[in-house]
Structures are given as C-alpha cells and as structure tokens.
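Trainee: Structure of the sequence below:
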Amino acid sequence: MSSEIKGYVSHIIYKNEDNSYIVFEFAEGPDVLVCTGFLKGIDEGENLILKGEYITHPIYGEQFKVESYEVKDPEDVDSILRYLGSGAIKGIGPSMAKKIVDRFELDTIRIIEEEPERLMEISGIGEKKARDIAEQFNEKRELRRAVLYLQKLGIVGNMALRIYKQYNSQIYSIIRDNPYRLVEDIEGIGFKRADEIASKTGISHNSDFRIRSGIIYTLNQGLSDGHVYIPREELITKAADILDLPCDLIWTQVKNLSMDKKIVIKEQSSVICVYLNRYYYTELMCAKLLHDIDIECEEDEKRVEKKIDLIEKELKLDLEDIQRKAVKTSVMKGITVITGGPGTGKTTIIRALIKLFEDDGLSIILAAPTGRAAKRMSEVTGYEAGTIQRLLHLRPSDIGGFYYEKNEDEPIEADVVIIDEMSMVDINLFSALLKALLPGTRLIMVGDTDQLPSVGPGAVLKDIIDSSCFECVRLNKIFRQEKQSDIVINAHLINEGKKIRLDNKSRDFFFMERSDVNIIMKNIVLLLRDKLPGYVDAKPYEIQVLTPMRKGVLGVENLNPILQKYLNPPSKEKEEKEKGDIVFREGDKVMQIKNDYQLTWEIRSRYGIVIDKGDGVFNGDMGIIKKIDNSFEIMTVEYDSSRLVDYQFSQLDELELAYAITVHKSQGSQYPAVIMPILNGPKLLFNRNLLYTGVTRASRCVTMLGSSEKVFDMINNIDENKRYTGLAERIREIYNI
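Mentor: Presented below is the predicted three-dimensional model:
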C-alpha cells in the first residue's frame, strides 16, 4: 500500500552516479528511516515529500522504497542552514552556510536566486564565488523542476535525466510544440511513448509532426523485422493503421519527408521502395566499398596450385576439387564467398588458407559476429579469432551510444580478413567492417545462406551472392569425416526438402513421439538433468533447449520458469531478484537480449585483480548469474571467457532466463546437444529454414519431442519472412550490370 512521508535527507549512504540510485537516511521529525530509490539531483539537506511503500529487507530491516518524490524549498532558517551546510553547493561548508544564513535569514534563497552579488557582503565570498554559488543552485533547481515536469508526463528515472541533458531549458517548449522530436533525439523513446506525451500536451491527432513521426516509426519497425526498406503501398497501409488516419494524409507526408531528405524513395524491380535515408546510403556505401576492395591479386595460378599441394601434405589433408577451388579463388581474388552447410568442409578450407597465407608472410585476422561463434572458430582452426566488434575496437561514446575506433581514418592492419558465420552479419555491422578495410586487403566471407538471416536489418550474405558480381564457391558435398553423423546427413536432407528417418536407429539423432504437452515438459527436464549430460559428456547448462516460439505452452516464456524450477530450484543459500515476470536466481542461465555498448566487462584473477576489461555485451550472449547483491542492487553475470559483468537492477530488462531460447537467438552458436520441442505453432515460424537452423546448432546430439507429422510439415514448408533489402541491386548498379 502506497504511503507518503515528509522530511529531509539527513545522510546519503550510497549513490550510483550512472543511474541515480541512492540509499539514504531520511529524517521525518525525530524519526530516521532508511530509504532507497532512483532520485535525480538529490543532496543531503534536501526537503522532500516521498511516496512509496514500506518494505522489510532480509538483512537491513525496515526501509522505505521510493516510487515518486517532490522537492520542497526550505521553509525555515534551520532547513535553509541544513541544506546549504550539507555540501550540496560546492564552496559552501557548514561554517560558510552559517555566515550566509545569519546575514540573510529567511531571505537567503531569494538572495541566491535573484541577487547573488549580495553574497559578496559575506567575508570570504568574492564575485566569482558568488556567481558560481548562484549557478550551482539554479542548475540543481532547474534539474529538479524538469525531472518533476517529466514525471507528470510518465517519464521517470534515467530517461528523464537524458532528456534534460539533451534539451536543458528548451525541454518545455520542445515537448509542448513537438514531443515527437524525442523519437529522433533520444534513444529509447519510441513513437508510442511520444504519442502518449503528445496526447497529454494537447497535440492534434492529425498534426504533421505526428504523421511524419508515425511514418518514421513504421520504417523503424521494419528494421526490427529485418527490412532495410518497405514497399510504398505496404508502408502507407501500415502507417495509416498505426496512426488511425486516411492513406492520402500519409502519402503527402512521405513525399514531404523525402524532400527534407529524411527518407529516400527509390524504384527497383518495378517496386517503389521507401528507405530511411541512412539505410539507403549505407547499402550504397557497402556496394561502393566492396567494389573498391574487389581487386584481382597478382598471383601465378600454377604457383598457387603447387602451394596447395604442399599444404595438403603438411596438414595431411586430401582436398576435393571444390575445396581446392575455394582455396585458390581466395588467394587470387580480393573478395571471395564460400558457402555451404554442415560437414561440407568450410573449416578445412579455412585451415588451409591460414597455412598458405602464413607461409607467404601475410597477416591474417579471423572474426565472427558473436563471441560464441568466434570461440568456436578458434577451437576448430587452432588460430585466434575474435568478434567483429572487437576487431573494430568498439567503444562507448561520451554522448551515448557507441563508435568504432577502426574506420576509414584508422583502418585495420591486415592482409587477409576471414569472417565466419556471415549469414549473421547485418547491414550496419557490415558497413562498419568495410569502412575499416583498405583496398588490397583480401576479404573472405564464409557462411551458410540456408540458415536464418541476421537479427539486425539486411540479408548481407544472400545479397552479395545474388548480385553475381563476386566469386562464390558453393560447397554441397558431405565429406568422409562427417558421413557417420546423422545430424549432418539429416540437416542436408531437411535443406533439400527430403524426408528424414525418425526411427531412433541413429546414435546422434533421436525423436520422441509425444502429443501431451505435460509429458513433453517432463521429458525435457529428464533429458536435460539426467540423460543427456552423461551421453554427450557435457554439463546440463551446456545443453540447449531450442523452440520455434516465444509464446505458447512450449514457448520460451513458459518453458524457462519450469526448467528453472527443476534445474536451479530455490535455496536459502541462493539470493534472488524478481524483475517483472522473471525471478532471477544465483546459478541461473541467462541471456543478454539487446546490444549494450556501455556495459563494462572484466576478467579477474582468482584474487579478484582485474587482468583485462572491455566494453559491450551483445544480443544473444549467454552466461551464468554468479552473485545477486540485494543491498546494493547489483547482479553479476559471468559470460564466456570468464568475463564478469555487473548489472544494476534497473538494467535487468536487458536479461532473460536462457534454459530455453528461440532458434533465432541460437544463430552462430554450437551446443553439445540440442533439445527441440515441436508440436504446434504458426506456419510462418514452423518452416524448413528454422528446422534446419535448429538442427545444425548441435555438434553431438539432436533430440526432438512432439509430432513427427509437424516435423515433416516443416520440411515441406518453404514459406519464410521475405526481407526487403536492396544491397544486391546497389552492387549491380556500381558494377553497371
């Protein structure tokens, strides 16, 4: 039940400057109470009205959890003296505060605000110091005023501070006249949030600002679905539905946005396409940079053939003709694409290329889109690999967001760059990579076009191949060492639309026919906890449940709390933190669900000494909760390579339980064993592409549970979400094809 208390901040116990979470003692008359919450610009001595609830902390006892607050000006001499003497204003200590209050008494606050030059009447205060005191006082007051104003509009916490830092005193006129500017200027404010603010400030339903913002919002929603553009008619229909306005009003503002260079309208293949300005020019730039890198290398073909023969002997390889072609092409061309499914020899080709380039004295860099993919690349090649983000030296920006230190002005120093899992690379990451490559650097891209596309916008690998402007070697033969694996054989059968055997005569591919959801869940727990760890020589946390869906009884949101209950049950020895519908517990398997370029990770020695650190935790990274500190509201997660990340409780919406994840989130990862429940679901999700991607995530064992009929339906279902991309078209334009 919500309560209200009045008093002043007598002592700040803990303050986090990044998110303004504080723990403080609050004097309410003669009583002192410990309070916690997110309070901006609050200092000792402040008079406050707090609203919230009384809670009982298991260690620290009774506390007051602040939900909202209001700052009150000091109303008597004692409260003025208390505030000024608290150290809230730099340059004023208890002694100086007493001098000021003794001189001006109840008029002190007015003097500081309106006649700060009179502070020079006090011994020890000159003109500069008087001006500085007034500036500090007014800045703190303006910040509090802005935070309270935003709070009334439903904007609280860190977001309010970011908006104030962006606009300062203009905040009131901007929100009054055009709150939709927030969508463009403030990361994390979307159209719907701005629309709510606009309705509270009286903005018209058919305002030009609103329509233009709704169009931009619709295009941004398209990016979330992987599209780089949206066809004109589809855009107008979707935006009209979102805005609840006629289509003719939408089209008028689409044209106006084009004139203002906010969007690009482009006809390609007889379709009128509408791009956000940035994304059209990103595709165009990628096409131009690919053209610049695509330089014929001066290599004697016979010499290359002899070098390949020598490498076969040294590495004890027996390269097939198609593999030799891939190696030779990679040596002689500036850009090469190598694509194929599991077991087709991609790793063997990379190993041969590394040896060949090393023998020629060339510098080589291996990279992949995710940490897990990079780690696997290192393990199978024996050569160090890192993420593309680390290769580009990702750094957080002082003004929010991130930037790459490696770019056209500070390029990557390498003769050869080999990128694995290229199907996962979106257009934004790809453009950043190309900017950092000098002409003359060989770029070799390896991937499987039949897997699900990147989480971010674009279909880079597919578009590069479809452009027909670069050398592409397609691997379609399963080699000897993989022929005993039914995972590999069945993956190729699925990809070819052929029926697979589900008779359980395999050693690494199993199917359990089940129609009862409760039985399926019990079997998943049994497999995870008891059966598969010993069979594949792995820990339960290393085995992954992959499901096509987030929703539904066999979706991620329902499976995770059930699996948590059996794999990591509640214990007095384990701290917990509830956030929304999720209970996080020490020992839980979790996943980062958004790119956060500001989060800092550390690698610590056994004695707690930091031996390495860096910035950035990315969508799909998985780890284990090592510690939950409820007193300081911090949760520590350990990711691959012993990277430790401290999350404020306010940041926990970036995490979710990961005992079960969607197939989409598993891209680029490899697990000793995969469990896939397949029973019922939407046709658009239950397709061949998704089944193939899920099966190819397993290295030692695949177990499916559910309906064999549904599995065969998925194999026959070639429907998938079409992505609207134009990179292939831009490349052909550059090459005049």
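Trainee: any idea which helix or strand of this protein has the worst average confidence?
Mentor: Counting by mean pLDDT, DSSP states H and E, the chain has its least confident helix or strand at helix 157-167, which shows a mean of 76.
Trainee: which outside residues touch that helix?
Mentor: 19-20, 38, 40, 143, 146-147, 150-151, 155, 171, 174, 182, 185-186, 188-189, 400, 650 (C-beta atoms under 8 Å, 6 or more residues apart in numbering). Yep, even glycine has a C-beta here, placed from its N, CA and C like the rest.
Trainee: repeat that with 7 Å
Mentor: 19-20, 38, 40, 143, 146-147, 150-151, 155, 171, 174, 182, 185-186, 188, 650 (C-beta atoms under 7 Å, 6 or more residues apart in numbering).
Trainee: any idea how far Pro369 is from Leu392?
Mentor: 12 Å (C-beta to C-beta, to the nearest Å).
Trainee: Those two: which is more packed in?
Mentor: Higher neighbour count among Leu392 and Pro369: Pro369, with 29 against 21, using other C-beta atoms under 10 Å.
Trainee: okay but the more buried one is in contact with Gly386, surely?
Mentor: No. Taking contacts as C-beta atoms under 7 Å, Pro369 lies outside contact range of Gly386: 11.0 Å.
Trainee: Just checking: what are the partner strands of the helix or strand harbouring Leu443?
Mentor: Mapping Leu443 onto the secondary structure by DSSP states H and E places it in strand 442-447. Taking DSSP bridges as the criterion, strand 442-447 forms sheet pairs with strand 335-340 (parallel), strand 416-419 (parallel).
Trainee: Tell me which of the ones you listed approaches Gly29 most closely.
Mentor: strand 416-419 (66.0 Å; C-beta to C-beta).
Trainee: Check what pLDDT Gln481 gets.
Mentor: With respect to pLDDT, Gln481 scores 55.
Trainee: ok, now which ones touch the nearest residue to Leu362 once chain neighbours are set aside?
Mentor: Distance criterion C-beta to C-beta, 6 or more residues apart in numbering; nearest residue to Leu362, sequence neighbours excluded, is Asp415 at 3.9 Å. By C-beta under 7 Å, 6+ apart, Asp415 lies in contact with 362-363, 441-442.
Trainee: Would you mind checking those residues for buried ones?
Mentor: 441-442 (16 or more other C-beta atoms under 10 Å).
Trainee: and which of the contacts of Asp415 is nearest to Leu48?
Mentor: Among these, and counting by C-beta to C-beta, the member closest to Leu48 is Thr441, at 59.4 Å.
Trainee: these two touch, right, that closest one and Glu413?
Mentor: No. Applying C-beta under 7 Å as the test, Thr441 and Glu413 come out as separate, 9.3 Å apart.
Trainee: Please convert the strands paired with strand 442-447 to a markdown table, extending it with distance to Phe430.
Mentor: Formatted as a markdown table, the strands paired with strand 442-447 follow (distance: least, C-beta to C-beta, whole Å):
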| stretch | distance to Phe430 |
| --- | --- |
| strand 335-340 | 12 |
| strand 416-419 | 9 |
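Trainee: any chance of the ones you listed in TSV, plus mean neighbour count?
Mentor: TSV is the format used below for these (neighbours: other C-beta atoms under 10 Å):
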stretch	mean neighbour count
strand 335-340	24
strand 416-419	24
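Trainee: among these, which is nearest Ser224?
Mentor: Closest among the strands paired with strand 442-447, using C-beta to C-beta: strand 416-419, at 24.2 Å.
Trainee: Can you list the buried residues in stretch 173-188?
Mentor: Buried, per 16+ other C-beta under 10 Å, within stretch 173-188: 174-175, 178-183, 186.
Trainee: who's Lys266 bridged to?
Mentor: Cys273.
Trainee: secondary structure class for Lys406?
Mentor: coil (DSSP: H, G, I helix; E, B strand; the rest coil).
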